[in-house]
Each structure stands twice: as C-alpha cells, then as structure tokens.
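*Asks:* sequence first, then the predicted structure, then my questions.
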Amino acid sequence: MEGDWNVIANEQENDDVTASERARAIEAVSWAVLHGVMVSTMNTNGGYAHAPISCSPTEFPREAFALANDVAPAFAELYDKVSRDDEFLRQTLARAIKNDDFTAALWNVYEKSGGQKGRVNAEVAVLRSDYMFDVPSGLPLQVEVNTVSTSFMALGSKVSDMHRYLAVWAGEGEDLNSIPENDALASAADVLAQGWKATGSKGKVLMVVQPGERNVFDQRLISQHMFEHHGVHTVRATLREINAEGSLGADGSLRFRGDVIGLVYFRSGYTPNDHPTEAEWEARLLIERSNALKSPSVAMHLAGSKKVQQKLAEPGVLEKFMPEQAAQMRKVFANLYSLDGEEGVKAVKIALANPAGYVLKPQREGGGNNLYSEELRKRLELGGDLGAFILMQRILPPSHQTLAIRAGKLKKLETLSELGIYGSYLRVGDDVLVNKRGGHLLRTKAATSDEGGVAAGYAVLDSPRLV
Ligand code: ADP
Ligand code: MG
C-alpha cells in the first residue's frame, strides 16, 4: 500500500496485522485527523498528532453499561452533598491532612477561603465515575469518582463517532445499534455554560491549564462549543500566570488580564506537580476567595479524595447521605478498607495474605501512583503511618484483543478497558438545576500495564460495543 505511506508508519514489526486491519487503521487515523481527535506534540514550533486510538470499539456488557449510567446522577448528588458537609470532610480527611502534604495544602485553601461560609453557593460539575467490569461478580465496579479536571469529554465523543463511521465503512452497519451515541462534549460544554449563565453571565470563562499541556484540543473543543452555542469566550492560563496577573476586585470579582471571570474551570491543579511553588497555591487561594463560580470548588475537589470514597463504603455512611438510592449505588462499590487504627491492622493482614488481590492507593490523582502485588506487599510490610492510603479490592476485568494506533504506529495488543461515565451537575443555592448523565469514555490499556492513563502514555481512547 505504497500510496498510504504518509498516513501510518510502515513497520516490519506489524507482521501479524492483516491487510484489511491496516486499511481500517488508515481510515481511522484519517477520520481522527479530519475531525480533531488530536493532541499537541509540544514541539517548540507547535505541532500536533492524532490521539492514541483503537481502530474498533471494545466489547462491554450492556447491563453493566446501563447500571453505570443509571447511578450517575445519584453519585453527582452524593459528591455535592459530601462537599457541603464540613464536619464529614474534616473528620474523614484528618489523617490524610496530617500525612499528605498535598491534601493538607488543599485543606488550607479551603480553610483560608472561609470553608463553607466563604464558598460561592453554587456548584457546577463535570464528574467522571470510572468503572471496570469485574468478571467474578459480573458487575461494573467503581474505580473512583473524579471531581476535578476530568478529561476526554471531547475526544471521547469523537472516538464514538469514529467507531460508528468505521462500522458503516467496513460494512458492519448492523453494529451501529450496539455502539452507543456519545454526547459527552456537548454535555460538558453546556453545563459549564449554564453554570456561567446561572451565576450572572459575568465576563469570561477562565480555563486553568498545565504548562505544556498536550491534551489541548480536548479542552479547546469545549471552549469552542461554549462560544458557538452560548457566546462565552474562554481564556486559558496556568496557575502561575493567574498568580502573576490575576487580582480580586473590591466587589470580590476575579479579574485576569483586564477581564472579569464568571467561571473558573480547572483542567489542572489535581497533582502536586501542578503546584511546584507557593505561587500556584496563592493562585488557588485567589480563585477560591473570589466570587467567581468554580468548577470545581476546592470543597468539591476534596470530596473527590480516595479517602472519602473509602469512608462512603463503610456501613451506614452512604446510607446517611443517600437513604433512597444507596442500595442501587452499593452494587457498584468494590471492597474498600481503611488503613487507620485497629481496622487498618486487620486490612493489612487481609492484603498480605493475598497481595495480588488488592491495590494500595495514596491520595493522588492522575495515574501511576498505585501499588500492586509485590510493591504493595513491600509497602505494607514497611509499616509506618498508612493513614494517607486506602486499600481496595483488585477488580478483574476481561481481556480483549485491540488494534491500537499511537503516533502513527499500529499495534495489536492484549488489553483491559475502563469505562468512564460523565455526569453533568449544576446547583445554585439549594436548587439542583441540572443533574444528568453526560456521555461516556472507554480507555483501553495493554493488559500488562497496571495503570490506565491515556495522557500518561499507557492507553488508547476507545468506545464500548455493547454485548
Ligand atoms: P488516579 O486518580 O491516579 O486515576 P485510579 O484510582 O483511577 O487513580 O487508579 C489508576 C488506575 O489504576 C486505574 O485507571 C486502573 O487502571 C487501576 N486501578 C485502580 N484501582 C483498581 C482496582 N481496584 N483494581 C484494578 N485496577 C485498579
Ligand atoms: Mg483514575
């Protein structure tokens, strides 16, 4: 296929790829480039490449997909309630605040900005609850709920569109019914714009981004949608820039480079790496003290802590927040264990008896932080204060064969998949104005890698084919 040399690399190592698979990959990459499934390559002169993608959707059980979607609004309500419960956050996070500098620094922003009293009485959220299908239980088990800087709403929507296109292109049109449509991009952009409007349509949206961000087009697609459909402009800035050029008006408004900011939307700020100096923390505090709507507020950010997830799993805790929906929500909870106190001693014993059956998680986001098997055993044997960790049952998803393409290179991989279900949520005062499921994302990773971050370079963007 010499005529296609400039679409995907012609590698010898792809001997196991058939001619029709190669043709499909070329069609996939072409669609991706033509429809903006792109990432920055951070060359000094600019530059972009297609995002890592799978060339076909991956099987996912239909009932599990439906259950994960059904519980999405309940989880949004739950996390908002948690974020408004000062006492619960304070008690649940006490040990993590003591043992983990990052949680402590976030808590400091929360306290210094006046806790619940200092908070704007509204919350707009694009949440993503992540699941893996657990073969032994036959259920979608929740890996975590992301309350800050959820990503891939835009690229994920487009990958669903791409897989639907490819099904027709390859003469598999009957598959269209099993590849669900995905409105994650529109859902996210619409709810953010609704939040901006509901709190006064002030000025612009400030998107907080990482320096050198690669996933810029996923973000810019949201900005473009907000502008086209709601007429609001987005400015992009790093925390450092906000610290240098942002200020608080006498009326409490946030100003940045001459603009009033109605909504601050975080696509950064979820890891210690995003706060290398005091300047970034000062920016967090400036934002939090202002009367701009935040997505998320620091309280909602804290509610997304892994320690909160573990606490909610304890008997009676979820039930207290969500008396009516708890039974349905419980179905998707994996076993979670505190590593505090006496219970912690028990949990360590359980895990050491079968290290491969558990995952040890610190209070971190962004992938690459969890400990498995041998590493988990070593860390638990080391002892010390484990209050900033939680222990989780290892979820055991089925494996699949995936034709994956990254940076123009085609690979056939043995893979595992993780389903993300987005939720769109808007509360103003005590009125919940929006609470609905907001599309989905499938991330598929090589079965040999324990972690699944697409941006971190281990995985491809995918979509589910319901079976
Ligand atoms: P992060 O906030 O870093 O994204 P996660 O809880 O999502 O943390 O864990 C990162 C990755 O580790 C997940 O995407 C998943 O691939 C894997 N993982 C996390 N928890 C489990 C679990 N209980 N069983 C199996 N794999 C898990
Ligand atoms: Mg995750």
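*Replies:* Cool, got the structure. Ligands and ions are numbered 1, 2, ... in the order given.
*Asks:* tell me the secondary structure for residue 421?
*Replies:* strand (DSSP: H, G, I helix; E, B strand; the rest coil).
*Asks:* isn't it right next to residue 143, touching?
*Replies:* No - checked against Cβ atoms under 8 Å, the pair residue 421 and residue 143 is beyond contact range at 11.3 Å. Just so you know, the C-beta spots here come from the backbone N, C-alpha and C atoms, and that holds for glycine as well.
*Asks:* overlap of the contact sets of the two?
*Replies:* Common neighbours of residue 421 and residue 143, using Cβ atoms under 8 Å, 6 or more residues apart in numbering, are residue 131.
*Asks:* the more surrounded of those two?
*Replies:* Remark: of residue 421 and residue 143, residue 421 carries more neighbours, 27 against 21, as counted by other Cβ atoms under 10 Å.
*Asks:* enumerate every residue touching that one.
*Replies:* Residue 421 neighbours (Cβ under 8 Å, 6+ apart): 68-69, 72, 128-129, 131, 437-438, 440.
*Asks:* can you check residue 120 too?
*Replies:* Counted by Cβ under 8 Å, 6+ apart, residue 120 has contacts 199, 291-294, 297.
*Asks:* surely residue 426 touches residue 126?
*Replies:* No - Residue 426 sits out of contact with residue 126 when judged by Cβ under 8 Å, with a separation of 10.2 Å.
*Asks:* now list whatever residues contact both of these two.
*Replies:* Residues touching both residue 426 and residue 126 (Cβ under 8 Å, 6+ apart): residue 191.
*Asks:* and the two? which has more neighbours close in?
*Replies:* Counted by other Cβ under 10 Å, residue 426 and residue 126 do not tie: residue 126 has more neighbours, with 29 against 26.
*Asks:* could you look up the SS state of that one?
*Replies:* With three-state DSSP as the criterion, residue 126 reads strand.
*Asks:* tell me the contacts of it?
*Replies:* 150, 153, 187-188, 191-192, 295, 422-425, 438.
*Asks:* run the last query once more with 6 Å
*Replies:* Contact analysis of residue 126 by Cβ atoms under 6 Å, 6 or more residues apart in numbering lists 150, 188.
*Asks:* now the one 4 residues further on
*Replies:* By Cβ under 6 Å, 6+ apart, the residues touching residue 130 are 143-144, 418, 420.
*Asks:* ok, what's across the strand from it?
*Replies:* Beta bridges link residue 130 to residue 144, residue 420 when assigned by DSSP bridges.
*Asks:* contact residues of the stretch 301-450 of the chain facing ligand 1?
*Replies:* Contacts of the stretch 301-450 of the chain with ligand 1, taken as Cβ under 6 Å from any ligand atom, map to 334, 359, 361, 364-367, 369-370, 392-395, 418.
*Asks:* which two of the residues you listed have the greatest separation?
*Replies:* Using Cβ to Cβ, the two most remote members of those are 366 and 393, lying 21.8 Å apart.
*Asks:* quick check: domain ranges of the chain?
*Replies:* As given by automatic domain parsing, the domain ranges for the chain are 2-334+395-466, 335-394.
*Asks:* give me the mean pLDDT for the last one.
*Replies:* Confidence over domain 335-394, taken as the mean pLDDT, stands at 91.
*Asks:* mind starting the numbering at 46 from now?
*Replies:* OK, 46 is where the count begins now, so the last one is domain 380-439.
*Asks:* what about that domain, how long is it end to end?
*Replies:* Terminal residues of domain 380-439 are spaced 9 Å apart (Cα to Cα, to the nearest Å).
*Asks:* report the distance from it to the chain centre.
*Replies:* Relative to the centre of its chain, domain 380-439 is centred 22 Å away, using Cα atoms, centre = their mean, to the nearest Å.
*Asks:* just the longest one next, same as before
*Replies:* Here the centre of domain 47-379+440-511 is set off from its chain's centre by 3 Å, with Cα atoms, centre = their mean.
*Asks:* identify the bridge partners of the residue nearest to residue 504 when sequence neighbours are not counted.
*Replies:* Of all residues not flanking residue 504 in the chain, residue 490 sits nearest, at 3.8 Å (Cβ to Cβ, 6 or more residues apart in numbering). Beta-bridge pairing for residue 490 (DSSP bridges): residue 461, residue 504.
*Asks:* report pLDDT for residue 490.
*Replies:* Residue 490 is given a pLDDT of 92.
*Asks:* per-residue pLDDT, the residue nearest to residue 336 when sequence neighbours are not counted?
*Replies:* Leaving out its chain neighbours, the residue that sits closest to residue 336 by Cβ to Cβ, 6+ apart is residue 297, at 4.1 Å. pLDDT recorded at residue 297 is 97.
*Asks:* how about residue 335?
*Replies:* Listed pLDDT for residue 335 reads 98.
*Asks:* any idea how far it lies from ligand 1?
*Replies:* According to Cβ to the nearest ligand atom, to the nearest Å, residue 335 stands 27 Å off from ligand 1.
*Asks:* that residue is in contact with residue 296, isn't it?
*Replies:* No - using Cβ atoms under 6 Å, residue 335 is not in contact with residue 296; the gap is 9.8 Å.
*Asks:* please say which of the two ends up with more neighbours.
*Replies:* With neighbours defined as other Cβ under 10 Å, residue 335 and residue 296 compare such that residue 335 has more, 24 against 8.
*Asks:* what about the nearest residue to the more buried one once chain neighbours are set aside, neighbour count?
*Replies:* Spatial nearest neighbour of residue 335, chain neighbours left out: residue 299 (3.6 Å); criterion: Cβ to Cβ, 6+ apart. Neighbourhood size, residue 299 [other Cβ under 10 Å]: 27.
*Asks:* let me see the contact set for residue 299.
*Replies:* Residue 299 makes contact with 306, 335, 337, according to Cβ under 6 Å, 6+ apart.
*Asks:* measure the residue of the stretch 146-295 of the chain found nearest ligand 1 to residue 473 for me?
*Replies:* Proximity of the stretch 146-295 of the chain to ligand 1 (Cβ to the nearest ligand atom) peaks at residue 189, 4.0 Å away. Per Cβ to Cβ, to the nearest Å, residue 189 is found 27 Å from residue 473.
*Asks:* how about residue 171?
*Replies:* 16 Å.
*Asks:* just residue 61 next, same as before
*Replies:* Per Cβ to Cβ, residue 61 is found 55 Å from residue 473.
*Asks:* neighbour count: those two, which is higher?
*Replies:* More crowded of residue 61 and residue 473, by other Cβ under 10 Å: residue 473, with 18 against 8.
*Asks:* and the nearest residue to the more buried one once chain neighbours are set aside, what does it touch?
*Replies:* Leaving out its chain neighbours, the residue that sits closest to residue 473 by Cβ to Cβ, 6+ apart is residue 167, at 4.5 Å. Counting by Cβ under 6 Å, 6+ apart, residue 167 makes contact with 244, 338, 473.
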